[in-house]
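Novice: With the input below, show me the fold.
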Amino acid sequence: MKAIWNGQTIAESDNTVVVENNHYFPADSLKREFLTDSTTHTTCPWKGVASYYSLTVDGKTNPDAAWYYPEPKAAASQINGHVAFWKGVQVVK
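Specialist: Numbering: from 1, shown residues only. Okay, here's the model as predicted:
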């Protein structure tokens, strides 16, 4: 699987975890040079508190386009150390 935004591959892995139709990529598959920490946090009742990354590629920024759960609840333990994408990021085979 590949996560692509603004023509750039942001993450690539054969070992994503699918939860609620989202592919969660292992953290070591991310191209960190395109990600910056965000101050945004949201809460999911069964996964826990999510943190976000913004993407920057070729001078364009996509705020809060990736999320992860730093300390997921037990029910979502399979996504610990994984990151998912949205907001126009294409996830393709």
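Novice: what's the neighbour count on the residue lying closest to residue 81 once chain neighbours are set aside?
Specialist: Among residues not flanking residue 81 along the chain, residue 27 sits closest, at 5.1 Å (CB to CB, 6 or more residues apart in numbering). All C-beta atoms are positioned from the backbone trio N, CA, C, and that covers glycine. For residue 27, the count of nearby residues is 14 (other CB atoms under 10 Å).
Novice: Tell me who's in contact with residue 27.
Specialist: Residues in contact with residue 27 (CB atoms under 8 Å, 6 or more residues apart in numbering) are 68, 81, 82, 83.
Novice: try 10 Å
Specialist: Taking CB atoms under 10 Å, 6 or more residues apart in numbering, we find residue 27 in contact with 11, 13, 68, 80, 81, 82, 83.
Novice: Next one, pLDDT for it please.
Specialist: Looking at residue 27, its pLDDT reads 97.
Novice: just residue 52 next, same as before
Specialist: Reported pLDDT for residue 52: 98.
Novice: what's the answer for the one 10 residues further on, then?
Specialist: In this model, residue 62 is scored at 98, pLDDT.
Novice: Secondary structure class of it, three-state.
Specialist: strand (DSSP: H, G, I helix; E, B strand; the rest coil).
Novice: partner strands of the helix or strand hosting residue 37, parallel or antiparallel?
Specialist: Using DSSP states H and E, residue 37 maps to strand 35-44. On the basis of DSSP bridges, the sheet neighbours of strand 35-44 come out as strand 48-57 (antiparallel).
Novice: Please identify the buried residues of the partner strand?
Specialist: Residues of strand 48-57 classed as buried: 48, 50, 51, 52, 53, 54, 55, 56, 57 (neighbour count, 16 or more other CB atoms under 10 Å).
Novice: of those residues, closest to residue 35?
Specialist: residue 53 (4.2 Å; CB to CB).
Novice: what's in contact with the strand holding residue 37?
Specialist: Outside strand 35-44, the residues within contact range by CB under 10 Å, 6+ apart are 10-11, 20, 49-56, 61, 63-67, 69-70, 72-73, 75-76, 83.
Novice: Now the terminal residues of stretch 28-37, how far apart.
Specialist: 16 Å (CA to CA, to the nearest Å).
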